[in-house]
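[1] build me a structure from this.
(2 chains, ligands or ions: 3)
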Amino acid sequence: MPTDPTSAGVLRVEDLSITFDGLPDGFRLVDSVSFEVRAGRTLCLVGESGCGKSILSLSVMGLLARPPARIASGRVLFEGRDLLTLDAAAMADLRGDRITMIFQEPMTSLNPALTIGDQLTEVILRHRAVSAAEASRQAVAMLQQVRIPAPESRLAAYPHQMSGGMRQRVMIAMALANQPRLIIADEPTTALDVTIQAQILRLIRDLQRTNGSALLLVTHDLGVVAEVADDVAVMYAGRIVEHGSATSLFSDPQHPYTIGLMGSLPSLGTRQSRLASIPGAVPPPSQWPVGCRFSTRCPFADARCRAEVPEAREIAPGHIVACFKAPIELQAESAA
Amino acid sequence: MLKLILNRLLIAIPTLLIVSLFVFALQHALPGDPFLVMAGEERDPEAIARLRAIYRMDDPIIMQYFAWLGQVVQGEFGRSLRTGEPVLGLILQKLPVTIQLAAASMLVALAIGLPAGIIAAVRKGTAADYTASAIALSGLSIPNFWLGIVMILVFAVELRWLPASGYVPFFSDPLGALETLVMPAFVLGSGLAAFIMRHTRSAMLEVLRSDYVRTARAKGLDERVVINKHALRNALIPVITLSTILFGELLAGAVLTEQVFTIPGFGKLIVDAVFNRDYGVVQGVVLCTAVGFIGMNLLADVLYIVVNPRLRGR
Ligand SMILES: Nc1ncnc2c1ncn2[C@@H]1O[C@H](COP(=O)(O)OP(=O)(O)OP(=O)(O)O)[C@@H](O)[C@H]1O
Ligand code: SF4
Ligand SMILES: [Mg+2]
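    Ligands and ions are numbered 1, 2, ... in the order given. Presented below is the predicted three-dimensional model:
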């Protein structure tokens, strides 16, 4: 492990594969995924709906129900410890404290029967030996940090008395209350109004930077990626097809899927982020092809692509691509 | 909330009118003349005529109904045709008996149904779940009167542990009351427990799949806290409503069980009254039951709002 705290790998996922009971034998919904998120940095996990982003992030949190899910291979190293080998109690000690998560659905992610104050102090009291009064004080401070007006008066409020944006701020406050080392945000702005998406995103990024936490941000919105990512992992049908720094991926995308995504790059805050330039959609897992899983939609696909799985290769320092054709000389296409 | 209550009370008026009219009509359509019963062996025609006049039995039915209604509105429920006792007095005398039985049965139902439902949901698909569901199904399908008779035969006749019948007011002799209550409350409660168990189970299953339970787990909370604090609180909302309505039904529906255990409650009162063509008593009891039923439904709505913060302050 590097000793420099700003570059220390907080989360290292190595060769992680996940299957589900009921799927054909050996079929991996998440297949040989590896990536690293470092302290103070943001890794964006990008991909279309259904490619396995949520399953992957829930498995890091230890929130994937096993069974039906099963870990077929790999390790999930958090500060050097393999989370997959921890028992339930040890994992629960980390959850909400060292590792936290912000979910996509602010409208349903807070408990409708409990006050904001109760739900917020609860996560502090669970992991810190403080009095209830001190937890309340910290809760108010957190609400202030996420820029909720009149924070004291919000403690007694119920979720239904707040808008989606305000509720997501509460979720962020809960996720950051214990100064986690790793924050996982699964499409934290997708369900929100376009006008507040950017605010929430900046809020998460600012708080993460001041905390020095590592941020794993799951999104299908390349505008979000352009805004906040230090590193990017592009996921397609359960595999990571391209991985590298945001700069190298945006300036020199190498995987045909990434190139397709870039072709439809919208600006942040607009809703046209549906990756329209790649024809078709991610097929359901039952129809994922044996070879390169992108071969059914790839303009460069040939017989080998349909038969063999392309290995991940480092084509430039820190820039990894899983495609037989990479590096692709693409002056013509990228201009199109 | 106040608006809701007022609203319900307004709807209650036509409901009660319809119920009372229906019972009145049905009651009078029944064959058999109460005065023949009353006038005794001699069947003195003069006595019968006098009675019919007093009770205005020769007016058209609709006139009788309005006459009766006019009295009821003034709090006058009339007298029993048979014993001459005031109907209201009879009702007030029997009501505590039935309430005591209903409350004890409800306690039994909740004490069995809630934990069984929670365990079945939390351990879904395990032996515990199947066992609870199987017991619930048998609880639903065993007829109350049969279970009652079997229990009497075993625990009262054979083992002599419990009295076979009777009523002891709880507040004058709690232990004695419990002895008489155990069997009928178990008989009535076991059927309801199955209901409550199944509703608790499905409500819990739904809540356990919810996003906020996932959030609770993401906080690292103990699974016990996740279930008891985060899940149960929401799952109980529909169960509370159900229990309140079931309680209303208990008040009205303890008839058979009261017969089996010879408990001098509402059930016995109404059965006797129907057999004796004791119009005044039947009508009074039915009206009272309808009021109780509407009251319990209203209470269910109010409780639903009280336990559900989303609906408060509307
Ligand atoms: N229990 C399960 N059994 C089998 N397949 C599942 C199960 N849960 C999810 N899947 C499948 O796994 C795939 C990945 O799901 P996941 O929710 O991780 O996608 P996602 O990338 O987060 O998509 P979105 O952008 O819509 O949130 C989907 O195709 C889904 O149908
Ligand atoms: S391996 Fe073949 S099918 Fe897959 S992305 Fe590369 S060129 Fe396309
Ligand atoms: Mg998802």
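
[2] just name the shakiest helix or strand of chain B by mean pLDDT.
    When the helices and strands of chain B are scored by mean pLDDT, DSSP states H and E, helix B:34-38 comes last with a mean of 61.

[3] what residues of the next helix or strand after that helix count as buried?
    The C-terminal neighbour of helix B:34-38 among helices and strands, as given by DSSP states H and E, is helix B:45-54. Within helix B:45-54, the residues that count as buried by 16 or more other C-beta atoms under 10 Å in any protein chain shown are B:Ile48. The C-beta positions use only the backbone N, C-alpha and C, and glycine is treated the same way.

[4] who are the packing partners of helix B:45-54?
    helix B:34-38 (3 or more C-beta pairs under 8 Å, 6 or more residues apart in numbering or on different chains; DSSP states H and E).

[5] element containing whichever residue of the stretch 101-250 of chain A sits closest to ligand 2, please.
    Residue nearest to ligand 2 within the stretch 101-250 of chain A (C-beta to the nearest ligand atom): A:Val241, separated by 6.9 Å. If you go by DSSP H and E, A:Val241 is part of strand A:239-245.

[6] now for that strand, which elements pack on it?
    strand A:30-38, strand A:231-236, helix A:256-263, strand A:319-321.

[7] next up, the contacts around the residue of the stretch 101-250 of chain A closest to ligand 2.
    Contact analysis of A:Val241 by C-beta atoms under 8 Å, 6 or more residues apart in numbering or on different chains lists A:234-235, A:255, A:257-258, A:294, A:321-323.

[8] likewise for A:Gly318?
    A:244-245, A:248.

[9] looking at pLDDT only, which of those residues scores worst?
    Within the set of the contacts of A:Gly318, pLDDT is lowest for A:Ser248 (88).

[10] ok, of the contacts of A:Val241, which one's closest to ligand 1?
    For those, the nearest to ligand 1 is A:Met235 (7.2 Å; C-beta to the nearest ligand atom).

[11] how close does that closest one sit to A:Ala175?
    Distance from A:Met235 to A:Ala175, counting by C-beta to C-beta, to the nearest Å: 22 Å.

[12] show me which of the two is the more surrounded one.
    A:Ala175 (29 against 25; other C-beta atoms under 10 Å in any protein chain shown).

[13] next, the nearest residue to the more buried one once chain neighbours are set aside: secondary structure please.
    In space, and not counting its chain neighbours, A:Ala175 is closest to A:Thr100: 4.0 Å by C-beta to C-beta, 6 or more residues apart in numbering or on different chains. Look at A:Thr100: counting by DSSP: H, G, I helix; E, B strand; the rest coil, its state is strand.

[14] one step back: mind putting the helices and strands packed on strand A:239-245 in CSV, mean pLDDT and distance to ligand 1 included?
    Output for the helices and strands packed on strand A:239-245, formatted as CSV (pLDDT from 0 to 100; distance: least, C-beta to the nearest ligand atom, whole Å):
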stretch, mean pLDDT, distance to ligand 1
strand A:30-38, 90, 8
strand A:231-236, 93, 7
helix A:256-263, 83, 14
strand A:319-321, 90, 20
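
[15] redo the ones you listed as TSV? Include distance to chain B.
    Formatted as TSV, the helices and strands packed on strand A:239-245 follow (distance: least, C-beta to the nearest C-beta, whole Å):
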stretch	distance to chain B
strand A:30-38	17
strand A:231-236	21
helix A:256-263	28
strand A:319-321	30
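
[16] nearest to B:Val154, of these?
    Nearest to B:Val154 among those is strand A:30-38; the distance by C-beta to C-beta comes to 59.2 Å.

[17] that closest one vs strand A:231-236, what angle?
    170 degrees (axes from the mean of the first three to the mean of the last three C-alpha atoms, to 10 degrees).

[18] now check the helix or strand following strand A:30-38, is it near ligand 1?
    Once the chain leaves strand A:30-38, the next helix or strand it forms, by DSSP H and E, is strand A:42-46. No: Strand A:42-46 is not in contact with ligand 1 by C-beta under 6 Å from any ligand atom; minimum separation 8.7 Å.
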